[in-house]
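[1] With the sequence up front, the predicted model follows.
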There are 2 protein chains.
Amino acid sequence: MSQHQKDSKIYVEIVKELRTMIDRDGLKPGDKLPSERELSERLIVGRSSVREALRALELLGLIETRRGEGTFIRDFQGNQLVQLLSTFILQDEKAKKDIVETKNLIEMDCLLLAQNKSNDDQLLSFKSWADTAVFTDDEFFLKVALLADNHLFLRIWTILKDYYNSLKMDKVETTKLEYMNVINKLLSRQRVELREAYRSLRKMSNV
Amino acid sequence: MSQHQKDSKIYVEIVKELRTMIDRDGLKPGDKLPSERELSERLIVGRSSVREALRALELLGLIETRRGEGTFIRDFQGNQLVQLLSTFILQDEKAKKDIVETKNLIEMDCLLLAQNKSNDDQLLSFKSWADTAVFTDDEFFLKVALLADNHLFLRIWTILKDYYNSLKMDKVETTKLEYMNVINKLLSRQRVELREAYRSLRKMSNV
DNA sequence: TTATTATAGTGGTCAGACCAGTTCTCTTTT
DNA sequence: AAAAGAGAACTGGTCTGACCACTATAATAA
């Protein structure tokens, strides 16, 4: 524990410590963390402080604890906490607007990246999938985010998507035609037209 | 603690209890929550359980605690959740390319939002600042992100900026002229030209 | 071998103690 | 009466030790 700056609270330091521990030891979802008592000893802190850190991470959905067994790393893909947070901030209209706005722009960014980075084969495969399969909006843009080939954007989009879904807002209807139109613009490599196709799909007036 | 239902852990019940308490009493950001000891008494639970709940909410950025003063509801907007998750999720994939790419696109998004949402007064004030002051690239785009009036983007950008700076990459030289050019395009309300001005500033070839 | 039973380990919770800050009050000083 | 100061009272921060309930494993008995 010692190295970390003293000002911040112990439990935050423990959170950081756990992060580096997970990183250093290459722990993956499903793996077991040291027991509370062992962490308490190793980090030379009280068990209650360890628990504060673990409980916080648990509420975030980053870990899972099973009585009698131990604490395990969880397969976190945004979840849990999104729901929790939404129950706390649902009132904030501005926040809602921000989420929608951000999600839309991020999706646009992903589209542009996909357009730039994907080859025709990838896009044609995408197109044939969209042509035949029945899919949700999330599934469609997940594929876009994957084509964008940018982990950061993928992560950000995933979180935003979960947020957005937890808001339970009225969603605009989207026809398959509009999705196909977007894909076609991806293929035609026309930036401006791609943007237009997305705006049309989302029924956006500007930006 | 009205035995909120079976098995779930006490601290989770306390979190729920706090939510309804905030809701029922109409508590707003800045308002003070009961002290840990009082909550402990009122809910008939141990103080440590109360703390586990409060620490979790604190890590989520929903409340703020000040030693000697108390626990307060926080002005949740943006969210430190992005911050937290990023340090946990993005830690290993520091693909420099992704970070630069993402940062650039986010900045572009913020520019477009700023162009749409800001009035001439704001932009002119921005312009006169840029005209006279000596500023860094970060300072410039911080102002842009603020003009974009989207806390989420502000949060994301801040994190990306910090990541980017920590990479210590070679930064392209930017002249004041290029910054002024961007501001002028903001004022002229031309989307396409604004994008072009930014690309030029960052010496980007495409996207 | 298999079934049973201790036993050690793990999380869940509580109570009490002490520290370190802040706030409020009441006395002392000016 | 007003300002300054001292101290009590309160608040969060942390640690310790004690149980409880549950699980997994080792030792034992069938």
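    Okay, I see it.
[2] Assign the residue of chain A found nearest DNA strand D to helix, strand or coil.
    Nearest residue of chain A to DNA strand D: A:Gly68, at 2.5 Å (Cβ to the nearest atom of the strand). Placement of C-beta: from N, CA and C, glycine included. Following DSSP: H, G, I helix; E, B strand; the rest coil, A:Gly68 is assigned to coil.
[3] which residues touch the closest residue to A:Leu201 other than its chain neighbours?
    The shortest distance from A:Leu201 to any non-neighbouring residue, by Cβ to Cβ, 6 or more residues apart in numbering or on different chains, is to A:Glu178 (4.3 Å). Contacts for A:Glu178 (Cβ atoms under 8 Å, 6 or more residues apart in numbering or on different chains) come out as A:197, A:200-201.
[4] Close to DNA strand D: what parts of chain A are there?
    A:9-11, A:40, A:44-49, A:52, A:66-69 (Cβ under 7 Å from any atom of the strand).
[5] picking that back up, what about the residue of chain A closest to DNA strand D, how many neighbours?
    As a burial measure, A:Gly68 scores 4 neighbours (other Cβ atoms under 10 Å in any protein chain shown).
[6] ok, longest helix in chain A?
    helix A:93-117 (DSSP state H).
[7] Which strands or helices does that helix pack on?
    If you count contacts as 3 or more Cβ pairs under 8 Å, 6 or more residues apart in numbering or on different chains; DSSP states H and E, helix A:93-117 packs onto helix A:137-148, helix A:151-167, helix A:176-188, helix A:191-201, helix B:96-117, helix B:151-167.
[8] of the ones you listed, which approaches A:Ala130 most closely?
    helix A:176-188 (5.6 Å; Cβ to Cβ).
[9] buried set for that closest one?
    For helix A:176-188, the neighbour count (16 or more other Cβ atoms under 10 Å in any protein chain shown) marks A:178-179, A:181-183, A:185-187 as buried.
[10] Next, the contact list for the closest residue to A:Lys127 other than its chain neighbours, please.
    Take A:Lys127 and drop its neighbours on the chain: the residue closest to it by Cβ to Cβ, 6+ apart is A:Ile183, 4.8 Å away. When contacts are counted by Cβ under 8 Å, 6+ apart, A:Ile183 touches A:123, A:126-127, A:130.
[11] how close does A:Ile183 sit to A:Leu33?
    44 Å (Cβ to Cβ, to the nearest Å).
[12] who's in contact with the closest residue to A:Tyr163 other than its chain neighbours?
    Nearest residue to A:Tyr163, sequence neighbours excluded (Cβ to Cβ, 6+ apart): A:Ile99, at 5.2 Å. Taking Cβ under 8 Å, 6+ apart, we find A:Ile99 in contact with A:160, A:163-164, A:167, B:152.
[13] okay, who's weakest in the residues of chain A next to DNA strand D by pLDDT?
    pLDDT is lowest at A:Lys9 among these; the value there is 86.
[14] Which helix or strand in chain A has the lowest average pLDDT?
    helix A:81-89 (a mean of 51; mean pLDDT, DSSP states H and E).
[15] thinking again about what came up before, biggest separation within the contacts of A:Ile99, which pair?
    A:Leu167 and B:Leu152 (13.0 Å).
[16] Looking at those two, which is more packed in?
    B:Leu152 (26 against 17).
[17] Now for A:Arg51, how many residues are close by?
    23.
[18] buried stuff in the strand or helix carrying it?
    Following DSSP states H and E, one finds A:Arg51 within helix A:47-60. For helix A:47-60, a neighbour-count test (16+ other Cβ under 10 Å) marks A:49-60 as buried.
[19] what's the lowest-pLDDT member of the residues you listed?
    Lowest confidence among the buried residues of helix A:47-60: A:Leu60, with 79.
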